[in-house]
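Chemist: Here is the input, now give the coordinates:
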Amino acid sequence: MSVAILGAGAFGTALACALGDATLWCRDPAQADALNQMRENSVKLPGVPLPEGVIVTSDMAQVTAAIVLIAIPMQQTRPFLAEHGGALRDTTLVACSKGIDLELMIGPVGVIRSVLRDARVALLTGPSFADDIARGLPTALTLACADKALGMALQEQLSTPNLRLYRNSDVVGAELGGALKNVIAIAAGVTVGAGLGESARAALMARGYAEMQRLALTLGAQPDTLAGLSGLGDLILTCGSEKSRNFRYGVALGSGAAFDSATTVEGAATARAVAKLAKARGLDMPITRMVAALVEGLITLPEALAALLARPLTDE
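Modeler: Prediction:
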């Protein structure tokens, strides 16, 4: 199997560890040298050695694999493809990011197709923490691909004894599940950071899931997809663990604590994009709207809570 992974952050490095034989590309030559010398991503995944079969490089010319996994943050994907897309035209591309492009208002597969229209594309998403994957802990993910034959081939090639991939043809649903759960995870973190209690977090997750379904079904997703790994499964994981960057960011928002600005929080950008998209579609998504306003500093936490709790009583 010939596989390359673009992006040596936590998730890209974890996929390299899980697959064992792969080329791992990172933009920074100094980082590539450090990874090759130390054989460990000491910043993102300390204590997890890179397998001997993993080749680390910052030279795109060395990315010659037939299957390329794109583990680059969502908002950086389109600029990256604009610069390097020509080198990827004859490969099968697997998007591994979660979110919605702020300008195009589409998910990672849509972004890839906006640059490389004829690309063979799939999406890898679902409930997973990089540390679990890197350490070989059992993990199940969704592999979404509109082309059934391609999806079956990728499922066979990318699955490992501890990384189980479930195939799904609903790419839109899988994209939206992975993106929208990050917004709700921020909100769940806010409830914890503000000391509102576990009952509030449970209620927020349930109502947040209703918002996820509302938008996803409007955009053509299948209901079963949102109830699967890429929707409900990922929502449960990210709303309940300090390992989730989006959840930790929400905790910081709720408690007024500082948060590391260098940490990628895709849910922050996604909340802004989804709030605009929901408004354009005439959809009521109050939790998403409040998260977007908090992220942008347009509202205080007490004001956001008061607005949510003052909403009219209605049927579930």
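Chemist: how about the helices in the stretch 101-250 of the chain?
Modeler: 108-115, 130-134, 148-158, 171-193, 198-218, 223-226, 234-238, 245-255 (DSSP state H, counting those that start in this stretch).
Chemist: any chance of those in CSV, plus mean neighbour count, mean pLDDT and distance to Gly20?
Modeler: C-beta: built from backbone N, CA, C; applies to glycine. Formatted as CSV, the helices of the stretch 101-250 of the chain follow (neighbours: other CB atoms under 10 Å; pLDDT from 0 to 100; distance: least, CB to CB, whole Å):
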stretch, mean neighbour count, mean pLDDT, distance to Gly20
helix 108-115, 21, 96, 25
helix 130-134, 21, 97, 12
helix 148-158, 15, 98, 12
helix 171-193, 29, 97, 25
helix 198-218, 17, 96, 34
helix 223-226, 18, 95, 30
helix 234-238, 23, 97, 24
helix 245-255, 23, 96, 26
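Chemist: could you dump those helices to a markdown table with distance to Val63?
Modeler: A markdown table is the format used below for these (distance: least, CB to CB, whole Å):
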| stretch | distance to Val63 |
| --- | --- |
| helix 108-115 | 15 |
| helix 130-134 | 21 |
| helix 148-158 | 17 |
| helix 171-193 | 24 |
| helix 198-218 | 33 |
| helix 223-226 | 31 |
| helix 234-238 | 28 |
| helix 245-255 | 27 |
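Chemist: Which stretch among those helices approaches Pro73 most closely?
Modeler: Nearest to Pro73, of all these, is helix 108-115, at 10.1 Å by CB to CB.
Chemist: so which helix or strand takes in the spatially most central residue of the chain?
Modeler: Closest to where the C-alpha atoms of the chain average out (CA atoms, centre = their mean) is Lys98, at 2.6 Å. Of the helices and strands defined by DSSP states H and E, none includes Lys98.
Chemist: Just list the residues touching Gly53, thanks.
Modeler: By CB atoms under 8 Å, 6 or more residues apart in numbering, the contact list for Gly53 reads 20-22.
Chemist: Nearest to Ala280 among the residues you listed?
Modeler: Nearest to Ala280 out of those is Ala22 (CB to CB; 40.1 Å).
Chemist: List the residue ranges of the chain that fall below the pLDDT cut-off.
Modeler: 1 (pLDDT under 70).
Chemist: picking that back up, need the contacts of Gly53 in a markdown table (columns: secondary structure and neighbour count).
Modeler: Formatted as a markdown table, the contacts of Gly53 follow (DSSP: H, G, I helix; E, B strand; the rest coil; neighbours: other CB atoms under 10 Å):
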| residue | secondary structure | neighbour count |
| --- | --- | --- |
| Gly20 | coil | 14 |
| Asp21 | coil | 13 |
| Ala22 | strand | 25 |
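Chemist: just curious, which of these is nearest to Ala119?
Modeler: Using CB to CB, Ala22 comes nearest to Ala119 of the contacts of Gly53, at 19.7 Å.
Chemist: Lovely, talk soon.
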